[in-house]
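>>> no sequence on this one, just coordinates:
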């Protein structure tokens with residue numbers, strides 16, 4: 001009842017050292033539980049600090065001087081949120097209960113929740129989507145919780161219903177499986193966009209497929225940490241020391257686009273565009289611009305990359321079956337047993353032209369407008385316009401000669417950065 005004792009005798013607007021100390025203990029415990037204590041402070045909006053244990057003697061005379069200066073900033077903000085701004089409500093609660101420690105702890109939890117939603121939307125979205133996907137798997141009987149946990153949390157052990165093993169797979173094992181799943185790259189891009197609502201179903205499906213790689217059970221925190229690491233870590237591709245950064249905005253000259261296009265498969269074009277975007281991500285990470293600007297540049301690039309890649313991604317069997325008006329099983333059987341497109345069309349009792357149209361990639365690319373991007377990312381359209389110019393004119397890696405990229409990829413890059 002540590003919080004309760006202080007709030008009973010606390011003057012309005014005051015927060016004595018003993019209460020601040022109690023808040024610090026509870027706050028650090030919750031941060032460690034969420035793996036935030038070792039994360040960059042910028043993830044919670046404290047861009048002026050590099051680590052939570054950083055000191056510059058800012059609070060030399062403060063009663064909390066035994067704590068790192070970076071953490072003291074967070075403690076004081078948490079005290080204002082959890083107690084000072086809600087003081088009247090806490091006092092009113094004392095009339096109905098002798099112990100309100102739970103309310104204060106809940107306020108501290110909400111304080112971190114709000115910071116994460118505001119300053120780390122990607123991490124917050126991953127947690128929400130993974131939890132929702134796992135709940136679907138539990139409801140459908142594919143997974144079960146150890147100890148019959150009613151609520152999924154970090155320490156929840158999830159077991160595939162077809163197994164009884166308690167030997168859990170760690171984060172590294174989960175990462176290895178995800179990286180070998182052909183669908184993971186697209187899901188990862190959608191997760192990084194933070195606001196994409198179409199990701200929970202494919203995430204559910206890819207989690208259910210973990211059992212095919214002999215993953216029998218895992219901790220919730222291991223899965224979340226693995227996915228966060230994959231989404232947050234920039235691509236391993238780097239810009240060589242010989243590469244330069246364009247500053248005049250002339251990324252793609254018209255003569256590049258009239259060169260004869262090399263015949264590439266959709267997978268090769270997809271890879272080429274991915275290589276370009278990987279270099280652009282590294283350029284963003286190496287930029288001297290503020291963290292918030294770099295974070296927004298990443299989000300804008302992700303949104304536009306997804307839109308462009310929809311043009312070159314082959315439709316799934318489910319999508320082709322939907323276009324043809326047949327079941328997925330019927331389509332897969334015809335595909336497996338046919339040696340040519342003509343035989344496959346014959347088995348499906350449709351025209352060859354109709355089948356050919358159904359298996360083509362979409363040729364329509366609709367980039368999200370600046371207004372749509374601004375709404376999704378919760379910023380003004382003016383900021384989006386400025387940052388797209390930064391991507392195009394300041395950060396885009398140079399294309400020194402036509403052979404650096406095929407004409408098809410160049411055309412897609414031009415659309416993505418227009």
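Now that the structure is in, tell me what you want to look at. Note that the coordinates shown come from a computational prediction; the quantities given were computed from them, not determined experimentally.
>>> show me the contacts for the residue minimising distance to the centre of the chain.
Nearest residue to the geometric centre of the chain (C-alpha atoms, centre = their mean): residue 192, 3.0 Å. Counting by C-beta atoms under 8 Å, 6 or more residues apart in numbering, residue 192 touches 122, 231, 298-299, 302. For the C-beta atoms, the positions are set from N, CA and C on the backbone; glycine is no exception.
>>> which of the residues you listed count as buried?
Neighbour counting with 16 or more other C-beta atoms under 10 Å marks 122, 231, 298-299, 302 as buried within the contacts of residue 192.
>>> Would you reformat those residues as TSV and include secondary structure?
Below are the buried ones among the contacts of residue 192 laid out as TSV (DSSP: H, G, I helix; E, B strand; the rest coil):
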residue	secondary structure
122	helix
231	helix
298	helix
299	helix
302	helix
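>>> Dump the residues you listed into JSON lines; add distance to residue 208 and pLDDT as well.
Formatted as JSON lines, those follow (distance: C-beta to C-beta, whole Å; pLDDT from 0 to 100):
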{"residue": "122", "distance to residue 208": "23", "pLDDT": "77"}
{"residue": "231", "distance to residue 208": "20", "pLDDT": "80"}
{"residue": "298", "distance to residue 208": "29", "pLDDT": "85"}
{"residue": "299", "distance to residue 208": "28", "pLDDT": "83"}
{"residue": "302", "distance to residue 208": "25", "pLDDT": "81"}
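>>> any idea which of the residues you listed is closest to residue 151?
Checking the buried ones among the contacts of residue 192 against residue 151 with C-beta to C-beta, the nearest one is residue 122 at 23.3 Å.
>>> isn't that closest one right up against residue 188?
No - the criterion here is C-beta atoms under 8 Å, and residue 122 misses it with residue 188 at 10.8 Å.
>>> Need the residues touching each of those two.
Contacts common to residue 122 and residue 188, judged by C-beta under 8 Å, 6+ apart, are residue 231.
>>> circling back to that earlier point, okay, the contacts of residue 192 in a markdown table with distance to residue 218 next?
Shown next, in a markdown table, are these (distance: C-beta to C-beta, whole Å):
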| residue | distance to residue 218 |
| --- | --- |
| 122 | 21 |
| 231 | 18 |
| 298 | 28 |
| 299 | 29 |
| 302 | 27 |
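>>> Next, give me the two most distant ones among those residues.
Across the contacts of residue 192, the longest distance by C-beta to C-beta is 11.8 Å; it joins 231 and 299.
>>> Against residue 368, how distant is the closest residue to residue 377 other than its chain neighbours?
Counting by C-beta to C-beta, 6 or more residues apart in numbering, residue 377 lies nearest to residue 299, which is 5.5 Å off, once chain neighbours are set aside. Going from residue 299 to residue 368 by C-beta to C-beta, to the nearest Å gives 11 Å.
>>> can you check residue 187 too?
Residue 187 is 19 Å from residue 368, where distance means C-beta to C-beta.
>>> Neighbour count: the two, which is higher?
Using other C-beta atoms under 10 Å as the criterion, residue 187 and residue 368 rank with residue 187 on top: 22 against 17.
>>> and the more buried one, what helix or strand is that in?
If you go by DSSP states H and E, residue 187 is part of helix 184-192.
>>> helices or strands up against the helix or strand that that helix is followed by?
The helix or strand immediately downstream of helix 184-192 is helix 200-208, counting by DSSP H and E. Packing partners of helix 200-208 (3 or more C-beta pairs under 8 Å, 6 or more residues apart in numbering; DSSP states H and E): helix 121-139, helix 184-192.
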